[in-house]
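Asker: My questions concern the predicted model and sequence given below.
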Amino acid sequence: MRVALTGASGYTGGRLLEALVAAGHTVSVLVRVPSVPSVPERAGVRVVPGDLRDEKAAVDLVRGAEAVVHVAAVYRTAGHTDSYYRAVNVEGTRRLLDAASKCGVRRFVHTSTVGVHGDIALPPADETAPFAPGDIYQQTKAEAETLALAYHRDGKLPVVVVRPGAIYGPGERRFLKLFRAIARGRYAIVGDGRPFYHPVFIDDLVAGYLLALQHPAAVGEAFILAGPRYVSQQELAETIARHTGGRLLPFHVPARPLRWLGAACEAVCVPLGVEPPLYRRRVDFWTKSRAFSIAKARRMLGYAPGVDVDEGVARTAASYRQAGWL
């Protein structure tokens with residue numbers, strides 16, 4: 001198959017690119033100019049310089065493609081303005097949808113996030129749970145998903161939506177600070193440690209993407225792609241401690257003062273374009289529950305994640321040690 005892919009210079013997109021090429025697909029990738037050297041052209045890969053704000057680049061990317069897998073997005077970087085999130089996550093998606101529709105693409109796999117559901121008061125939530133985004137990232141991802149499914153309903157484009165859980169695995173860096181803090185004995189649980197967290201190991205997520213790309217039942221549907229089970233924040237931290245040889249500090253930190261401090265840091269840093277040392281979305285990591293059912297993906301796609309949190313954390317910690325990061 002000829003596949004157009006965004007986000008190939010990132011962690012998930014890069015792993016997905018390798019899987020697509022290994023499966024024999026020809027892949028065109030959209031890569032921002034500063035990141036082009038990280039995704040060199042090679043057999044089975046065509047690099048299109050540009051980004052999601054560039055209409056011409058979007059058309060160049062999807063021309064001749066049978067399918068599009070849209071992974072790229074502005075993630076939780078508080079140094080960006082709300083308008084930048086919307087320009088990339090919503091309007092960039094619109095440009096890609098328009099280009100795919102005009103070029104006759106037969107399947108468009110759009111990446112959303114379980115974060116569109118917000119804090120899960122009665123876990124586990126499934127795909128029918130209402131949207132309740134808690135920050136600008138989640139809000140713009142909800143808007144982009146709604147837009148993508150509208151293209152499907154209007155007959156413009158066959159669309160599949162995937163909502164990944166918290167992505168982790170060897171080489172992934174968003175969890176690195178957490179692993180380091182626990183490995184060095186400098187980590188205290190924020191809040192009571194009871195909110196749930198639902199990670200997905202990268203290999204399982206990539207397998208889910210390939211099912212969404214090819215399974216006949218996927219079109220027109222949204223699927224939560226997460227790991228075999230969710231865990232409490234306490235269990236997650238204890239598991240990381242066990243596999244890094246670290247320890248948790250013997251006290252918990254109240255969440256409310258941290259939220260106030262995060263708001264103050266954002267108020268000072270964001271207008272200056274500086275990444276705050278602490279922001280409210282980071283506090284949400286500790287205090288909001290994320291627990292989901294993957295029954296729909298199991299039933300309709302045959303999705304079968306096989307890496308439990310214990311094994312996944314062990315493999316991630318080992319990769320960090322091998323890289324000299326721990």
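Answerer: Arrived safely, thanks for sending.
Asker: quick one: low-confidence parts of the stretch 1-150 of the chain?
Answerer: Counting by pLDDT under 70, the stretch 1-150 of the chain contains low-confidence residues at 34-38, 76-79.
Asker: Now do the helices in it.
Answerer: In the stretch 1-150 of the chain, the segments counted as helices under DSSP state H, counting those that start in this stretch are 11-22, 55-62, 82-85, 92-102, 136-153.
Asker: Give me the angle between the next helix or strand along the chain from the last one and helix 92-102.
Answerer: Towards the C-terminus, the helix or strand next in line after helix 136-153, according to DSSP states H and E, is strand 159-164. Inter-element angle recorded for strand 159-164 and helix 92-102: 150 degrees (by axes from the mean of the first three to the mean of the last three CA atoms, to 10 degrees).
Asker: what residues are up against Arg282?
Answerer: Gly262 (CB atoms under 8 Å, 6 or more residues apart in numbering). (Each C-beta comes from the backbone N, C-alpha and C, glycine too.)
Asker: sorry, that was for Asp310
Answerer: 239, 243.
Asker: Would you mind stating the distance between it and Val253?
Answerer: 25 Å (CB to CB, to the nearest Å).
Asker: Mind pulling up the pLDDT for Arg281?
Answerer: Per-residue pLDDT puts Arg281 at 69.
Asker: Using neighbour counts, pick out the buried residues of stretch 165-185.
Answerer: Neighbour-count burial for stretch 165-185, counted by 16 or more other CB atoms under 10 Å, picks out 165-172, 175, 178-183.
Asker: so which of the helices of the stretch 1-150 of the chain comes closest to Thr244?
Answerer: Of all the helices of the stretch 1-150 of the chain, helix 11-22 sits nearest to Thr244, with 20.0 Å by CB to CB.
Asker: Using CSV, write out every CA atom in that closest one.
Answerer: Taking C-alpha atoms only, helix 11-22 is exported to CSV below (Å, rounded to 0.1, in the frame of the first residue of the first chain):
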residue,chain,number,x,y,z
TYR,A,11,8.5,8.7,18.9
THR,A,12,5.2,7.1,17.8
GLY,A,13,5.4,8.2,14.2
GLY,A,14,8.9,7.0,13.9
ARG,A,15,8.1,3.5,15.3
LEU,A,16,5.1,3.4,13.0
LEU,A,17,7.2,4.3,10.0
GLU,A,18,9.5,1.4,10.7
ALA,A,19,6.6,-1.0,11.0
LEU,A,20,5.0,0.2,7.8
VAL,A,21,8.3,-0.2,5.8
ALA,A,22,8.9,-3.6,7.4
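Asker: Contacts made by that helix with the rest, please.
Answerer: Residues outside helix 11-22 that contact it (CB under 8 Å, 6+ apart) are 3, 5-8, 27, 29, 39, 43-45, 69, 71-72, 111, 164, 167, 169, 171-173, 202, 205-206, 209-210.
Asker: Now which of these would you call buried?
Answerer: 3, 5-8, 27, 29, 39, 45, 69, 71-72, 111, 164, 167, 169, 171-172, 202, 205-206, 209-210.
Asker: Give me the subset of the residues you listed lying in strands.
Answerer: In this view, the buried ones among the contacts of helix 11-22 that belong to strands under DSSP state E are 3, 5-6, 27, 29, 45, 69, 111, 164, 167.
Asker: With distance to Ala132 as added columns, please give those in JSON lines.
Answerer: Converted to JSON lines, those look like this (distance: CB to CB, whole Å):
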{"residue": "Val3", "distance to Ala132": "33"}
{"residue": "Leu5", "distance to Ala132": "30"}
{"residue": "Thr6", "distance to Ala132": "26"}
{"residue": "Val27", "distance to Ala132": "35"}
{"residue": "Val29", "distance to Ala132": "33"}
{"residue": "Val45", "distance to Ala132": "39"}
{"residue": "Val69", "distance to Ala132": "27"}
{"residue": "Thr111", "distance to Ala132": "19"}
{"residue": "Pro164", "distance to Ala132": "18"}
{"residue": "Ile167", "distance to Ala132": "21"}
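Asker: quick check, nearest of these to Glu55?
Answerer: For those, the nearest to Glu55 is Thr6 (14.0 Å; CB to CB).
Asker: Return the distance of the closest residue to that closest one other than its chain neighbours relative to Thr93.
Answerer: By the measure of CB to CB, 6 or more residues apart in numbering, the closest residue to Thr6 outside its immediate chain neighbours is Ala72, 3.8 Å from it. To Thr93, Ala72 is 9 Å away according to CB to CB.
Asker: contacting residues around Val47?
Answerer: Per CB under 8 Å, 6+ apart, neighbours of Val47: 28-29, 31, 36, 39-41.
Asker: what pairs with it across the strands?
Answerer: Val29 (DSSP bridges).
Asker: same check, this time on Ala166
Answerer: Applying DSSP bridges, one finds that Ala166 bridges with Pro199.
Asker: next one: phi and psi at the residue lying farthest from the centre of the chain?
Answerer: In the chain, Pro250 marks the outermost C-alpha relative to the chain mean, sitting 31.8 Å out by CA atoms, centre = their mean. When read as degrees, to the nearest 10, the backbone of Pro250 gives phi -80, psi 40.
Asker: Please tabulate the helices of the stretch 1-150 of the chain in JSON lines, including the columns distance to Val159 and mean neighbour count.
Answerer: Shown next, in JSON lines, are the helices of the stretch 1-150 of the chain (distance: least, CB to CB, whole Å; neighbours: other CB atoms under 10 Å):
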{"stretch": "helix 11-22", "distance to Val159": "18", "mean neighbour count": "20"}
{"stretch": "helix 55-62", "distance to Val159": "14", "mean neighbour count": "21"}
{"stretch": "helix 82-85", "distance to Val159": "21", "mean neighbour count": "15"}
{"stretch": "helix 92-102", "distance to Val159": "8", "mean neighbour count": "22"}
{"stretch": "helix 136-153", "distance to Val159": "4", "mean neighbour count": "20"}
